[in-house]
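# I would like the atomic coordinates for the input below:
(2 chains)
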Protein chains: 2
Amino acid sequence: MAIIEGRTGLELLKPAACWQLLASQQVGRVGVVAGGQPEILPVNYAVDGRSVVFRTDKGLKQVAVQSGAPVAFEIDAIDSDTRTGWSVLVKGRAERVTDAATLRRLRALPLDPWAQGEKAHWIRIVPRDVSGRRIVRATTTA
Amino acid sequence: MAIIEGRTGLELLKPAACWQLLASQQVGRVGVVAGGQPEILPVNYAVDGRSVVFRTDKGLKQVAVQSGAPVAFEIDAIDSDTRTGWSVLVKGRAERVTDAATLRRLRALPLDPWAQGEKAHWIRIVPRDVSGRRIVRATTTA
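Residues are numbered from 1 along each chain as shown, chains lettered A, B, ... in the order given. You can find the predicted model right below:
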């Protein structure tokens, strides 16, 4: 049975549904805080177990997601015609992956960044909270 | 002439191009920091002059974007087939709109939230920095 959030009328997605949606997409958005200022950056990503992994280089993302920094990760799908959509939000901490065996496994994942650049660093988002919402249309009665 | 970022090979978009893209979309993502943790929330929005406005109610977004809080706003378009896309990021501060004349003007904007809820509060994102990037495909030579 669908759980509807009273305040917004949005359907709340269960964690299993959120992970299914996360596994179905290739591009998401990482939210980081750099110098007190939030930033949102699109990334190619993959799901590894119950975590999100992405590659980055020595740019802002790598700096801002070091040392267990709090991060957010969001995916969504929006349909302007039907004015419906869904979104999934992962809140957690970033973790640089350095273990050789883990890196071998991650390199086999279908994660091939579209943008150029070395992107030698692998970052894992260790989730503390995963939530999802879907806009459900009210049925029009005749 | 296009400006290409050396590290990533991405085309950097000029502010005028960013505002043109912002004016062309209806749904974006607000990045806020709540208790030290970044969050990303999809919103319906409109452009008012050189700022982004959206409506919210007394939920998290309203709490997190009060009192000149630093916020981010992101839009993007992703094409999985061609593996191309673009994104625009606005960094700035949130400002609750309370002036009656301004509210009248904002209510006339094409901003009709898809989700239910009163959403009585209007928030303006006053930009400090607007940037955009486009993934350009390298031309394949025969």
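# contacts and neighbour counts: CA atoms only from here.
Will do.
# now do the strands in chain A.
Assigned by DSSP state E, chain A shows strands spanning A:3-4, A:11-13, A:27-34, A:37-48, A:51-56, A:70-79, A:84-97, A:121-135.
# any chance of those in a markdown table, with mean neighbour count and distance to residue B:76 too?
Putting the strands of chain A into a markdown table (neighbours: other C-alpha atoms under 10 Å in any protein chain shown; distance: least, C-alpha to C-alpha, whole Å) gives the following:
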| stretch | mean neighbour count | distance to residue B:76 |
| --- | --- | --- |
| strand A:3-4 | 14 | 28 |
| strand A:11-13 | 19 | 24 |
| strand A:27-34 | 25 | 10 |
| strand A:37-48 | 23 | 8 |
| strand A:51-56 | 21 | 18 |
| strand A:70-79 | 21 | 11 |
| strand A:84-97 | 21 | 15 |
| strand A:121-135 | 19 | 20 |
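# any chance of these in TSV, with mean pLDDT and distance to chain B too?
What follows is the strands of chain A, written out as TSV (pLDDT from 0 to 100; distance: least, C-alpha to the nearest C-alpha, whole Å):
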stretch	mean pLDDT	distance to chain B
strand A:3-4	82	11
strand A:11-13	94	10
strand A:27-34	94	6
strand A:37-48	94	5
strand A:51-56	92	10
strand A:70-79	94	5
strand A:84-97	94	7
strand A:121-135	93	6
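# make TSV out of these and add distance to residue B:136.
Shown next, in TSV, are these (distance: least, C-alpha to C-alpha, whole Å):
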stretch	distance to residue B:136
strand A:3-4	41
strand A:11-13	35
strand A:27-34	16
strand A:37-48	15
strand A:51-56	18
strand A:70-79	22
strand A:84-97	27
strand A:121-135	23
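# who are the packing partners of the lengthiest helix in chain A?
Criterion DSSP state H: the longest helix present in chain A is helix A:15-24. Other elements packing on helix A:15-24 under the criterion 3 or more C-alpha pairs under 8 Å, 6 or more residues apart in numbering or on different chains; DSSP states H and E are strand A:37-48, strand A:84-97, strand A:121-135.
# what's the angle from the second one to strand B:37-48?
Right, strand A:84-97. 140 degrees (axes from the mean of the first three to the mean of the last three C-alpha atoms, to 10 degrees).
# adjacent strands (with direction) for strand A:84-97?
Strand pairing for strand A:84-97, determined by DSSP bridges: strand A:70-79 (antiparallel), strand A:121-135 (antiparallel).
# turn the ones you listed into JSON lines, including distance to residue B:129.
What follows is the strands paired with strand A:84-97, written out as JSON lines (distance: least, C-alpha to C-alpha, whole Å):
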{"stretch": "strand A:70-79", "distance to residue B:129": "21"}
{"stretch": "strand A:121-135", "distance to residue B:129": "26"}
